[in-house]
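[1] show me the folded form of this:
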Amino acid sequence: MNAVVDVSNVCWSPEIGPRSKRPLLSRLDQVTEAWRDRYGAGAELVLVVDRALRHQISGEQRADFDRRCRQGLLRVVPFADPVLLSLARERDLQIVSQDRFVDLRRQFRWIETQPERFHGWRRDGNGLCFVSSGIVPVSGQVKSRAEEDKDLAVRGLKDHKDVLRSVWRCVARCFMAQVWPEGLLLWPGLDRRTGEPVCPDPRCGRPLVRVRDRRPSRELLVERLDLDEDRAALLRFPLEADGCLEIGRGALTHGINLDGIGREHSDAVARVSRRHLLIEADAALTVSVRDVGSSHGTAVRRWEGHALGRPRPLEPGEPVRLGSSDQVVLADSVAVRLSGRRYSPDVVPPALGGGGGARTVLR
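    Model prediction:
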């Protein structure tokens, strides 16, 4: 049985031994030997490794690392995970890794449908053996948190957390300034050249004025129900502790107007009422929702095991506490849920903000 091996994951694994604070190439040898003992000496093993591993191993191992590269035994890439998953898909290979690849599950949807292809390892009385990596379906919130963690690490955005922990105001006469004159509900953009926060409205992009510290907050996501997960997200926004806002399809003094998210989404939000949903967060950031008398109704879907359950219609005014993986459905067309992200969004619709030129929306 042929496989692709996550070399860095193997070399860092303390379960393989011997003990070490650094990754060891000898652990890779143990895994490849055990695999061929189990599945045959002729089993093809594609060894994919992050480029960073060469700098993480001890100096004594680097000559061995370089030799393996020259001999074509190691395939060195900047980031191994998407490469090895692509190889596995294209060549129908098994995957040897303890990683559950949560941050890549939107990109590689087959991961959750083919868990039998993922192999971890453990030691027993007979030495090293292979076991299931434990791939199970996870909610969108869990995926979002994993994506954010990877993104912050790769992009080095730790220095921008102070920006995300503040409330900002645009002093220009742009759409954002008119809708939220006391402080933007959306996250700011970031000028790539200066690192300063700028208005997320693509027609503005001017520097923002800091208003105050942002209270602890939860991020919420509005998404379409008629599109797949990769394209469904319409808008992300923060909700502060002891705060509340409305979602609807009209001018709201303190809320989210879905009419402003772009013409391409007008059909999806057409059934949402002008004042549809009230969202509240208490001091502990427990989020509750209630229908405020919408025309086409609101329902809640609870996360049950590994999937969302059936929608339960809400009575107007009925308060419902939102679980971390639950979903609120507005007019059978738009959903609202808590995001797993802690700091920053990656979706800002064209009419409400976005990147352009030298700007980028903070992720």
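[2] and the closest residue to G317 other than its chain neighbours, how far from R27?
    In space, G317 comes closest to R290 once its chain neighbours are excluded; the distance is 5.9 Å by C-beta to C-beta, 6 or more residues apart in numbering. Placement of C-beta: from N, CA and C, glycine included. Remark: distance between R290 and R27 (C-beta to C-beta, to the nearest Å) = 54 Å.
[3] look at the spatially most central residue of the chain and tell me its secondary structure.
    In the chain, the centroid-proximal residue (C-alpha atoms, centre = their mean) is S144; its distance is 2.4 Å. Applying DSSP: H, G, I helix; E, B strand; the rest coil to S144 yields a three-state assignment of helix.
[4] which SS class is the nearest residue to it once chain neighbours are set aside?
    Nearest residue to S144, sequence neighbours excluded (C-beta to C-beta, 6+ apart): G340, at 3.6 Å. Secondary structure, three-state DSSP: G340 is coil.
[5] could you pull up the residues touching G340?
    Contacts for G340 (C-beta atoms under 8 Å, 6 or more residues apart in numbering) come out as 139-146, 148.
[6] would you confirm that the residue nearest to the centre of the chain contacts L338?
    No - the criterion here is C-beta atoms under 8 Å, and S144 misses it with L338 at 9.2 Å.
[7] identify the contacts common to the two.
    With C-beta under 8 Å, 6+ apart as the test, S144 and L338 both reach L221.
[8] circling back: so the residue nearest to the centre of the chain versus G250, what's the distance?
    Counting by C-beta to C-beta, the gap from S144 to G250 is 28 Å.
[9] now swap in S97 and tell me
    Distance of S97 to G250, given as C-beta to C-beta: 49 Å.
[10] more neighbours: which of these two?
    Between S97 and G250, counted using other C-beta atoms under 10 Å, S97 has the larger neighbour count: 26 against 14.
[11] how about the more buried one, phi and psi?
    With angles defined as degrees, to the nearest 10, S97 sits at phi -170, psi 150.
[12] skipping adjacent residues, who's closest to it in space?
    D6 (3.5 Å).
[13] pick out whichever of R290 and R27 has more residues nearby.
    Higher neighbour count among R290 and R27: R27, with 23 against 18, using other C-beta under 10 Å.
[14] how many neighbours does the nearest residue to the more buried one once chain neighbours are set aside have?
    Nearest residue to R27 in three dimensions, chain neighbours excluded: I16, at 4.2 Å (C-beta to C-beta, 6+ apart). I16 is flanked by 20 other residues according to other C-beta under 10 Å.
[15] go ahead and confirm I16 touches V31.
    Yes - contact criterion C-beta under 8 Å: I16 and V31 qualify, at 6.7 Å.
[16] need the overlap of contacts for the two.
    10, 121, 128.
[17] ranges for the strands of the stretch 251-363 of the chain?
    Here the stretch 251-363 of the chain has its strands, by DSSP state E, counting those that start in this stretch, at 255-257, 277-281, 287-291, 298-301, 303-304, 307-308, 312-313, 320-321, 327-330, 334-338, 359-361.
[18] typo on my end, it should be the stretch 101-250 of the chain
    Along the stretch 101-250 of the chain, the stretches classed as strands by DSSP E, counting those that start in this stretch are 118-124, 127-132, 166-169, 189-191, 197-198, 209-213, 217-224, 233-240, 243-248.
[19] can you lay out these as TSV showing distance to L330, mean neighbour count and mean pLDDT?
    Below are those laid out as TSV (distance: least, C-beta to C-beta, whole Å; neighbours: other C-beta atoms under 10 Å; pLDDT from 0 to 100):
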stretch	distance to L330	mean neighbour count	mean pLDDT
strand 118-124	37	16	94
strand 127-132	39	14	94
strand 166-169	26	20	90
strand 189-191	27	23	77
strand 197-198	30	23	87
strand 209-213	30	12	92
strand 217-224	9	22	88
strand 233-240	11	22	82
strand 243-248	7	20	91
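[20] turn the ones you listed into TSV, including distance to A299.
    Below are the strands of the stretch 101-250 of the chain laid out as TSV (distance: least, C-beta to C-beta, whole Å):
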stretch	distance to A299
strand 118-124	35
strand 127-132	36
strand 166-169	32
strand 189-191	34
strand 197-198	37
strand 209-213	36
strand 217-224	15
strand 233-240	18
strand 243-248	14
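[21] nearest to E44, out of those strands?
    Minimum separation from E44 across these (C-beta to C-beta) falls at strand 118-124, 14.7 Å.
[22] can you give me the angle the closest one makes with strand 127-132?
    Put simply, strand 118-124 runs at 150 degrees to strand 127-132, going by axes from the mean of the first three to the mean of the last three C-alpha atoms, to 10 degrees.
[23] given strand 118-124, what are its sheet partners and their directions?
    Take DSSP bridges as the rule and strand 118-124 pairs in its sheet with strand 94-96 (parallel), strand 127-132 (antiparallel).
[24] now tabulate the ones you listed in TSV and tack on distance to V328.
    Formatted as TSV, the strands paired with strand 118-124 follow (distance: least, C-beta to C-beta, whole Å):
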stretch	distance to V328
strand 94-96	36
strand 127-132	34
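[25] between those strands, which one is closest to F79.
    For these, proximity to F79 was assessed by C-beta to C-beta; strand 94-96 is nearest, at 15.5 Å.
[26] how far out from the middle of the chain is the closest one?
    Computed by C-alpha atoms, centre = their mean, to the nearest Å, the chain-centroid distance of strand 94-96 equals 23 Å.
[27] and the pLDDT at T360?
    Note on T360: pLDDT of 33.
[28] now tell me what touches stretch 69-76 from outside.
    By C-beta under 8 Å, 6+ apart, stretch 69-76 touches 7, 46-51, 54, 65, 68, 83.
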